[in-house]
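> give me the fold of what follows.
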Amino acid sequence: VLSFIIFICYIASLAASFMMAPLLEFLLALFLFFAYASKLNEKFKGVHWPLADFLRCVTAAIIYFAISIAAVSKYSDGASKAAGVFGFAATIVFAIDFYITFNDLVAFLKQGSSDSPEGHKTEDEDSDSDSD
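Next up is the predicted model:
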């Protein structure tokens, strides 16, 4: 929702050249929401869904921070300032989402590594002693 509000603010402002970033982020977030809601993540096991969500959060936070600084410092109209302020709020929201998603990604990767054959070593294989 915040990405859509920022998109509307950029359309109404002099900084309309920045409108593509919030639009793409809104569409990507909508796709991932639809994918999780319709259980596509369970059907398509080849896609690493937590990693895709993690990368979306990281790139969104960086991009929103950069375009918010540019919108607030370069343009003087009210809509640009509002888009910049909402962009800083979105940066904070995506940073929090980045932290939560990072924890989910770590749990997902640990779960995947415990299924590998290297994860099932016995104590004798794990030992480095030469007491034969």
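> now do the longest helix seen in the chain, average pLDDT.
Determined from DSSP state H, the single longest helix within the chain is helix 78-114. Mean pLDDT, helix 78-114: 87.
> helices or strands up against it?
Judged by 3 or more CB pairs under 8 Å, 6 or more residues apart in numbering; DSSP states H and E, the packing partners of helix 78-114 are helix 2-12, helix 49-74. Every residue, glycine included, has its C-beta placed from N, CA and C.
> let's see it at 10 Å
In terms of contacts (3 or more CB pairs under 10 Å, 6 or more residues apart in numbering; DSSP states H and E), helix 78-114 is packed against helix 2-12, helix 20-37, helix 49-74.
> check these for me and report the most buried one.
Most buried of the helices and strands packed on helix 78-114 by mean neighbour count (mean count of other CB atoms under 10 Å) is helix 2-12; its value is a mean of 20.
> could you dump it to PDB, C-alpha only?
This file holds the C-alpha atoms of helix 2-12, laid out as PDB (Å, rounded to 0.1, in the frame of the first residue of the first chain):
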ATOM      1  CA  LEU A   2       2.800   2.300   0.900                       C
ATOM      2  CA  SER A   3       4.500   1.700  -2.500                       C
ATOM      3  CA  PHE A   4       1.200   2.600  -4.300                       C
ATOM      4  CA  ILE A   5       0.900   5.800  -2.300                       C
ATOM      5  CA  ILE A   6       4.400   6.800  -3.200                       C
ATOM      6  CA  PHE A   7       3.700   6.000  -6.800                       C
ATOM      7  CA  ILE A   8       0.600   8.300  -6.800                       C
ATOM      8  CA  CYS A   9       2.700  11.100  -5.100                       C
ATOM      9  CA  TYR A  10       5.400  10.800  -7.800                       C
ATOM     10  CA  ILE A  11       2.800  11.000 -10.500                       C
ATOM     11  CA  ALA A  12       1.400  14.300  -9.100                       C
END
